[in-house]
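**Student:** Structure for the following, please:
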Amino acid sequence: MRAVVFEEAGKLTQVDRPEPTPGPKDVVIETAAVGVCGTDTHVFDGEFEGTVYPLVPGHEATGVVVGVGSEATAFAPGDHVAVNPSTTCGACEFCANGKSNLCREWNGLGVVASDGASQERFVAPVSNVYRLRPETDLYEAALIEPLACAIRGYDLLPRRMGDHYLVYGAGTMGLLMAQLAPRAGAASVTIVDINAERLETASELGIQHVLTGADQAERDKWDVVVDCTGAIPAIEDALPRVKAGGTFQHFGVAPAEATADYSPFRVYRDEISIVGTMAVLNSFGRAVEMFEAGAINPGPMISHSFTLDDYPRALELFRKGEGRKLQIRPGDTASRVLL
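**Tutor:** Down below sits the predicted model:
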């Protein structure tokens with residue numbers, strides 16, 4: 001069985017591995033699609049806290065069940081599924097008080113210490129597996145995991161009717177956050193990015209204001225500002241755009257050691273709320289339901305599919321900011337441009 005492996009920070013190989021076997025409470029899934037995202041680049045570069053190598057990457061995954069453990073009776077071979085990659089210890093104070101995404105032993109499949117889905121078949125705990133409708137497109141449904149992260153982000157935002165939203169970054173997460181904003185009561189949504197192709201996608205998705213910089217907007221302050229880039233220059237440009245009494249959200253993943261400059265006085269004087277958002281928390285099931293109800297428009301967001309052999313090229317293309325959502329499809333025999 002073929003698999004992509006990050007042998008260590010900065011070193012990628014493709015290997016032939018034994019077929020996976022499920023434990024009693026596990027499910028074996030044949031990977032249909034797995035998205036490439038910014039977290040994967042941080043893991044590859046050794047910038048994500050706690051990663052243990054070697055590691056198979058890939059945490060935005062869908063597939064078809066091909067094997068079940070003796071206690072995983074809720075699923076059967078042939079079921080179409082999406083997988084929540086987050087696992088926790090279940091015993092610490094954070095798990096006990098309902099904040100398991102903050103667990104100090106948090107482990108993301110393909111991110112920290114458990115292999116992900118960039119292989120032909122992978123194992124997932126049955127508690128993390130969600131059944132999809134047979135008619136749900138398995139390729140498009142690989143966006144459910146990032147959608148679950150976006151929903152968690154909104155759980156932490158004020159969600160006041162009539163607020164004005166500014167989103168930095170028109171990559172996958174920025175486009176999802178911008179698409180969800182009207183459902184959270186936004187009166188207007190502005191998205192900024194320096195990548196012209198990504199801005200075209202934002203326009204195609206019907207985002208209200210699509211700009212290459214916030215200075216081009218008709219307003220200079222917003223109630224809610226969300227950074228989906230993790231880029232320090234973007235963060236430093238974004239935080240002063242928050243209206244007094246408003247909220248700034250760190251959504252994008254910055255390198256663990258990165259720091260940003262901002263004015264503590266302005267945060268104090270204007271009562272700015274600064275919130276982070278980490279992975280998913282009781283949001284994956286809602287993401288499945290919202291995705292299958294048509295809450296987002298997935299088609300325009302996926303631009304390329306790659307074979308396992310072409311994983312290095314997918315990673316390179318992602319770093320260059322080319323394309324839209326890039327996917328690895330282990331069952332394909334050729335890489336393709338979809339849009």
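
**Student:** For the stretch 51-200 of the chain, just list every one of the strands.
**Tutor:** Assigned by DSSP state E, counting those that start in this stretch, the stretch 51-200 of the chain shows strands spanning 60-68, 80-83, 86-87, 107-108, 121-125, 129-131, 164-168, 188-192.

**Student:** Nearest to Phe306, out of the ones you listed?
**Tutor:** Closest approach to Phe306 among these is made by strand 60-68 (13.6 Å; Cβ to Cβ). Any C-beta I mention is one placed from the backbone N, CA and C, and that applies to glycine too.

**Student:** Paired strands for that closest one, with orientation please.
**Tutor:** Strand pairing for strand 60-68, determined by DSSP bridges: strand 26-36 (antiparallel), strand 80-83 (antiparallel).

**Student:** How about the contacts made by Gln208?
**Tutor:** Each residue near Gln208 by Cβ atoms under 8 Å, 6 or more residues apart in numbering is listed here: Ser188, Val189, Thr190.

**Student:** Using a markdown table, please lay out the strands of the stretch 51-200 of the chain together with mean neighbour count, mean pLDDT and distance to Glu236.
**Tutor:** Compiled in a markdown table, these are given as follows (neighbours: other Cβ atoms under 10 Å; pLDDT from 0 to 100; distance: least, Cβ to Cβ, whole Å):
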| stretch | mean neighbour count | mean pLDDT | distance to Glu236 |
| --- | --- | --- | --- |
| strand 60-68 | 24 | 98 | 28 |
| strand 80-83 | 25 | 98 | 35 |
| strand 86-87 | 22 | 96 | 29 |
| strand 107-108 | 19 | 94 | 28 |
| strand 121-125 | 22 | 98 | 38 |
| strand 129-131 | 19 | 98 | 38 |
| strand 164-168 | 26 | 98 | 11 |
| strand 188-192 | 25 | 98 | 14 |
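
**Student:** What's the end-to-end length of stretch 219-230?
**Tutor:** With Cα to Cα, to the nearest Å applied, stretch 219-230 spans 24 Å between its terminal residues.

**Student:** pLDDT averaged over it - what is it?
**Tutor:** Mean pLDDT, computed over stretch 219-230, is 97.

**Student:** What lies in contact with that stretch?
**Tutor:** Contacts with stretch 219-230, where a contact means Cβ under 8 Å, 6+ apart, come from 38, 153, 157-158, 160, 163-169, 171, 173-174, 177, 186, 190, 234-235, 238-239, 241-255.

**Student:** ok, back up a step: could I get the strands of the stretch 51-200 of the chain in JSON lines, plus columns for distance to Glu218?
**Tutor:** Below are these laid out as JSON lines (distance: least, Cβ to Cβ, whole Å):
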{"stretch": "strand 60-68", "distance to Glu218": "35"}
{"stretch": "strand 80-83", "distance to Glu218": "39"}
{"stretch": "strand 86-87", "distance to Glu218": "39"}
{"stretch": "strand 107-108", "distance to Glu218": "40"}
{"stretch": "strand 121-125", "distance to Glu218": "47"}
{"stretch": "strand 129-131", "distance to Glu218": "42"}
{"stretch": "strand 164-168", "distance to Glu218": "11"}
{"stretch": "strand 188-192", "distance to Glu218": "9"}
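
**Student:** what's the closest of the ones you listed to Pro146?
**Tutor:** Per Cβ to Cβ, nearest to Pro146 of those: strand 60-68, 6.0 Å.

**Student:** Extract the CA atoms of that closest one and return them as PDB.
**Tutor:** The C-alpha atoms that make up strand 60-68 are tabulated as PDB, following Å, rounded to 0.1, in the frame of the first residue of the first chain:
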ATOM      1  CA  GLU A  60      -9.000  16.800   5.600                       C
ATOM      2  CA  ALA A  61     -10.200  13.400   4.500                       C
ATOM      3  CA  THR A  62     -13.200  11.400   3.100                       C
ATOM      4  CA  GLY A  63     -13.400   7.900   1.900                       C
ATOM      5  CA  VAL A  64     -15.100   4.500   1.800                       C
ATOM      6  CA  VAL A  65     -15.100   2.100   4.700                       C
ATOM      7  CA  VAL A  66     -13.300  -1.100   3.800                       C
ATOM      8  CA  GLY A  67     -12.900  -2.700   7.300                       C
ATOM      9  CA  VAL A  68     -14.300  -2.300  10.800                       C
END
